[in-house]
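S.K.: give the three-dimensional model of this entry:
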Amino acid sequence: MSEEPMRVAVLGGGSFGTALASIAADNGARVRQWLRDPDLAAQINREHCNGRYLPDYTMNPAVVASTEMAQVLEGAQLVLVAIPSKAFREVVRQALPWLHADQILVSTTKGIQEEGFKLMSQILEEETGFVHIGVISGPNLASEIAQKQLTATVIASDDPETRTLVQTALGCNYFRVYASNDRFGVELGGALKNIYAIAAGMAAALGMGENTRSMLMTRALAEMGRFAVDQGANPMTFLGLAGVGDLIVTCSSALSRNYRVGQALGEGRSLDEAVEALDQVAEGVNTVRLVCDKARADGVYMPLAEGLYQVLFKDVPAREMAKMLMLGEQSSDVEFILPREDVQRAHRGSEGRHD
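M.R.: Below is the predicted model:
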């Protein structure tokens, strides 16, 4: 007798959730996808295409879309929550009556909830109390996954069962799933890099060269690590796919929504105009504000994020802010080798000798 197929539920009708639903179905799982929009659900069932978010992608016809949460979640062993951060808690609460404690819940959302500075996996924990909780993050442009281009991601959880089931459900010859036990670090990497993708798009629009963009990405990685360590994450996580890997792709690609927002800002458009032209959620805009507020409160030095905050919310022209950033301190390169405080102490000592 053949084994019963794995049952996978995907909550969300965006591009990444759609791509993951189709991959799981390709791997033989029984897949149900929940969407709010009945017209889009009907299109997926009829045409096997998500015309709004991945119009050129032919989904596995075995994916069944529905607006009925109970129908989607019935019997699901793995639940992938692919909902924008602003609606994430609301949708999890909507799903609660049909969730049970032995299910594996995995967030694919790279964002932060404003109230209490909560990551999505923390919301899953708070709302459900379940133990099998994980996060998927990495350099994962959905349009390239849809083209079956070789892509890698990270499943992060301190629960081995969660890591193994996700690798089984989603790993295939073009989508590789690597494991991590630093859920917090992987999730922070996915959220924080959105900030610097906006800055990279802005730099490109301003005509800055490859040296400048390389410097931007490298110093961004230093800021991400500095902030994540303050929040209790492992800095080594940022050497992997969810850190430097995700940072490279979102800071280099016009396919990145956050990069496109930055480009529009660099071309002189307002934030409202940039977001309106995108017509999709760019998580980085909200993340800039939340992270800067948190960094100020905790005393974490984040000059790039702070500079971007000034452009987004204080109407400082992008070109002026780029100049101001170059006047910042010349400190340590890799702070976990040479602490920034040691460099500052040496500078103060040098200034004292020259008085």
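
S.K.: for the rest of this, base every contact and every neighbour count on C-alpha atoms.
M.R.: Noted.

S.K.: and residue 86, how many neighbours?
M.R.: By the criterion of other CA atoms under 10 Å, residue 86 has 15 neighbours.

S.K.: meant to ask about residue 194
M.R.: 28.

S.K.: from residue 79, how far off is it?
M.R.: Applying CA to CA, to the nearest Å, the value for residue 194 to residue 79 is 24 Å.

S.K.: same thing with residue 240?
M.R.: According to CA to CA, residue 240 and residue 79 sit 25 Å apart.

S.K.: more neighbours: which of those two?
M.R.: A count of neighbours by other CA under 10 Å puts residue 79 above the other of residue 240 and residue 79, at 24 against 17.

S.K.: helix or strand next in line after whichever strand or helix holds that one, which one?
M.R.: Per DSSP states H and E: residue 79 is located in strand 78-81. Following strand 78-81 in sequence order, the next helix or strand is helix 85-95 (DSSP H and E).

S.K.: ok, and what's touching that next one?
M.R.: Applying CA atoms under 8 Å, 6 or more residues apart in numbering, the contact partners of helix 85-95 are 69-70, 73, 83, 109-113, 120, 123-124, 127, 283.

S.K.: any of those buried? List them.
M.R.: For the contacts of helix 85-95, a burial check counting by 16 or more other CA atoms under 10 Å picks out 69-70, 73, 83, 109-113, 120, 123-124, 283.

S.K.: separation between the closest residue to residue 6 other than its chain neighbours and residue 343?
M.R.: Leaving aside its sequence neighbours, residue 6 sits nearest to residue 29 (CA to CA, 6 or more residues apart in numbering; 4.7 Å). For residue 29, the distance to residue 343 equals 54 Å [CA to CA].

S.K.: tell me which of these two has more neighbours.
M.R.: Neighbours per residue, other CA under 10 Å: of residue 29 and residue 343, the larger number sits with residue 29, 22 against 16.

S.K.: run through the neighbouring helices and strands of the helix ranked longest in the chain.
M.R.: If you go by DSSP state H, the chain has its longest helix at helix 183-205. Contacts defined by 3 or more CA pairs under 8 Å, 6 or more residues apart in numbering; DSSP states H and E place helix 183-205 against strand 133-137, strand 151-156, helix 210-230, helix 246-252, helix 257-266, helix 283-298, helix 303-313.

S.K.: just the mean pLDDT for it, thanks.
M.R.: For helix 183-205, the mean pLDDT works out to 92.

S.K.: could you check the angle helix 303-313 makes with it?
M.R.: Orientation of helix 183-205 against helix 303-313 (axes from the mean of the first three to the mean of the last three CA atoms, to 10 degrees) gives an angle of 60 degrees.

S.K.: quick check, distance from helix 183-205 to the centre of its chain.
M.R.: Its chain's average C-alpha position is 8 Å from that of helix 183-205, according to CA atoms, centre = their mean, to the nearest Å.

S.K.: go on, stretch 55-68?
M.R.: Relative to its parent chain, stretch 55-68 has a centroid offset of 23 Å by CA atoms, centre = their mean.

S.K.: residues contacting that stretch, please?
M.R.: For stretch 55-68, the surrounding residues in contact (CA under 8 Å, 6+ apart) are 18-19, 21-23, 25-26, 30-38, 41-42, 44-45, 48-50, 72, 146-147.

S.K.: got a markdown table for the helices and strands packed on helix 183-205, with mean pLDDT and distance to residue 101 too?
M.R.: Converted to a markdown table, these look like this (pLDDT from 0 to 100; distance: least, CA to CA, whole Å):
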| stretch | mean pLDDT | distance to residue 101 |
| --- | --- | --- |
| strand 133-137 | 98 | 10 |
| strand 151-156 | 98 | 19 |
| helix 210-230 | 90 | 29 |
| helix 246-252 | 92 | 31 |
| helix 257-266 | 88 | 35 |
| helix 283-298 | 91 | 29 |
| helix 303-313 | 91 | 39 |
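
S.K.: nearest to residue 162 among those would be which one?
M.R.: strand 133-137 (6.5 Å; CA to CA).

S.K.: the helix or strand that the closest one is followed by packs against which elements?
M.R.: Remark: after strand 133-137, the chain's next helix or strand is helix 142-146, criterion DSSP H and E. The contact analysis (3+ CA pairs under 8 Å, 6+ apart) places helix 142-146 against helix 15-26.

S.K.: counting contacts, what elements does the helix it packs on pack onto?
M.R.: Packing partners of helix 15-26 (3+ CA pairs under 8 Å, 6+ apart): strand 7-11, strand 30-34, helix 142-146, helix 160-170.
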